[in-house]
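> predicted model, plus sequence, below.
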Amino acid sequence: MSDKLTVVKYTFEGEKFEILVKPDPALDYKLGKIKDITSILVSEEIYQNSGKGTRASSEKLQKAFQTEDPLVIAEKILQKGDLNLTTDQRRKMTTEKRKQIITFIAKTFVDPRSHLPHPPLRIEQAISDARVNIDPFKSVEEQIKDIVESLRSIIPLKSENLSLEISVPAQYVAKSYSVLKSTGVLKKEEWQKDGSLKAILEIPAAARPNVIDRLGSVTKGTAFVEVLK
């Protein structure tokens, strides 16, 4: 297909139905960014084989969709069918989803030997080495389990939490508190008479370097952080 049109395919009880759509608007529709179906369709024809120009019969449309209204049918096909992405669309979507998956793994999983996250470049190389298939339409959460299982034969991965004991001087509590709330779960808070804070923060193990860096930045290195055994 060209960059001006592509196909959406849908199968119902063995019968195939196709519509011709504009690639970018159709993708926006599938992603929930637009709702106007008329701006997506190349034509209002419902095909059984668009390549051959074979149109679907009224009987088959009625059986599959309980209507012959082309806009209603096209909407159902777009919602439930498979959109043929252009090469450029698939490349861009897959690249973006790959970045999201790498970020998720780096933040959620650690090397069980060091209890530190693998560098993003190492994760990216492992994804390539494992020949992981990334689905651009599925969320990270929907496919991360299978991806991690594929990667474990190449790099050790473990999902675990750490508890950090943290002390923050009074003058930096306001800024530090927002960092703590945004990076983990506060399991315990003890406000001292001098206005300082002692807390127990539970975080994904891989987030430890980031938490320490952020606390060090907002407290000018005066925060105390210790991993609880």
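Cool, the structure landed. Residues are numbered from 1 along each chain as shown.

> contacts for stretch 133-141 next, please.
Outside stretch 133-141, the residues that touch it by CB atoms under 8 Å, 6 or more residues apart in numbering are 30, 85, 90, 93-94, 96-98, 100-101, 104, 127, 142-143, 147. The way it works is simple: take the backbone N, C-alpha and C, and place the C-beta from them, glycine included.

> same question for stretch 112-122: list its buried residues.
Across stretch 112-122, burial judged by 16 or more other CB atoms under 10 Å covers 117-118.

> got phi/psi on Pro117?
Note on Pro117: backbone dihedrals following degrees, to the nearest 10 are phi -70, psi 150.

> surely it meets Lys107?
Yes - if you go by CB atoms under 8 Å, Pro117 and Lys107 touch, sitting 7.2 Å apart.

> list residues touching both of those two?
Ala206.

> so which elements touch the helix or strand of the chain with the lowest mean pLDDT?
The helix or strand of the chain with the poorest confidence is strand 158-159; it has a mean of 85 (mean pLDDT, DSSP states H and E). On a contact count with 3 or more CB pairs under 8 Å, 6 or more residues apart in numbering; DSSP states H and E, strand 158-159 meets strand 109-110.

> which strands border the strand it packs on, and is each parallel or antiparallel?
The pairing partners recorded for strand 109-110 under DSSP bridges are strand 158-159 (antiparallel).

> quick one: distance of the partner strand to the chain centre.
How far strand 158-159 lies from its chain's middle: 19 Å, per CA atoms, centre = their mean, to the nearest Å.

> now swap in stretch 169-176 and tell me
34 Å.

> can you read off the pLDDT for the residue nearest to the spatial centre of the chain?
What sits nearest the mean C-alpha location of the chain, by CA atoms, centre = their mean, is Val140, with 3.6 Å. With respect to pLDDT, Val140 scores 85.

> what about Lys76, which SS state?
Per DSSP: H, G, I helix; E, B strand; the rest coil, the local secondary structure of Lys76 is helix.

> who's in contact with it?
10, 65.

> quick check: it vs Leu61, distance?
According to CB to CB, to the nearest Å, Lys76 and Leu61 sit 11 Å apart.

> likewise for Leu20?
Distance, Leu20 to Leu61, by CB to CB: 16 Å.

> ok, now Ile46?
6 Å.
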